[in-house]
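Predicted model and sequence below, questions to follow.
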Amino acid sequence: MSKVIVTFEKNWRGYAAGETAGFDSSVADSLIEAGYAIEADKKASKKGKTGANSNAPSAAQSSAGADESGTGSKPGAESDADGKP
């Protein structure tokens, strides 16, 4: 089997987000499909990728919704991509 170099997007086992490691192609494919990692050579093209998280509202949609509801935004009310503050 060939090795595939991946960069982690989320913590997985002993690896932290941002770390790079090589795995057999079957393991790497599983990590990529589950959203834990991306192929290291494709990291630069990730920014232009669409549909990766198409269910989540964009920052513009989120802030517009808060302003229209009258709740406004409070300091510290922001959350990360996992919905955790």
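Perfect, thanks for sending it.

Bridge partners for the spatially closest residue to Glu19 that is not a sequence neighbour, pull those for me.
In this structure, Glu19 finds its nearest non-sequential neighbour in Phe8, 5.2 Å apart by Cβ to Cβ, 6 or more residues apart in numbering. C-betas here are computed from N, CA, C, even on glycine. For Phe8, the beta-bridge partners under DSSP bridges are Ala37.

residues touching Ser4, list them.
Careful, residue 4 is Val; it's not Ser. Gly22, Phe23, Asp24, Ser25, Ala28, Asp29, Glu39 (Cβ atoms under 8 Å, 6 or more residues apart in numbering).

Next: Asn11.
Contacts of Asn11 (Cβ under 8 Å, 6+ apart): Ala17.

Can you report phi and psi for it?
phi -70, psi 140 (degrees, to the nearest 10).

circling back to that earlier point, who wins on neighbours among the contacts of Val4?
With neighbours taken as other Cβ atoms under 10 Å, the top of those is Ala28, carrying 22 neighbours.

where does the protein have low pLDDT?
Scanning the chain for pLDDT under 70 picks out the ranges 43-85.

ok, back up a step: among the contacts of Val4, which are in strands?
Mapping the contacts of Val4 onto strands (DSSP state E) picks out Gly22, Phe23, Asp24, Glu39.

Dump these into TSV; add distance to Glu33 as well.
Converted to TSV, the ones in strands among the contacts of Val4 look like this (distance: Cβ to Cβ, whole Å):
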residue	distance to Glu33
Gly22	17
Phe23	13
Asp24	14
Glu39	12
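
All good on my end, thank you.
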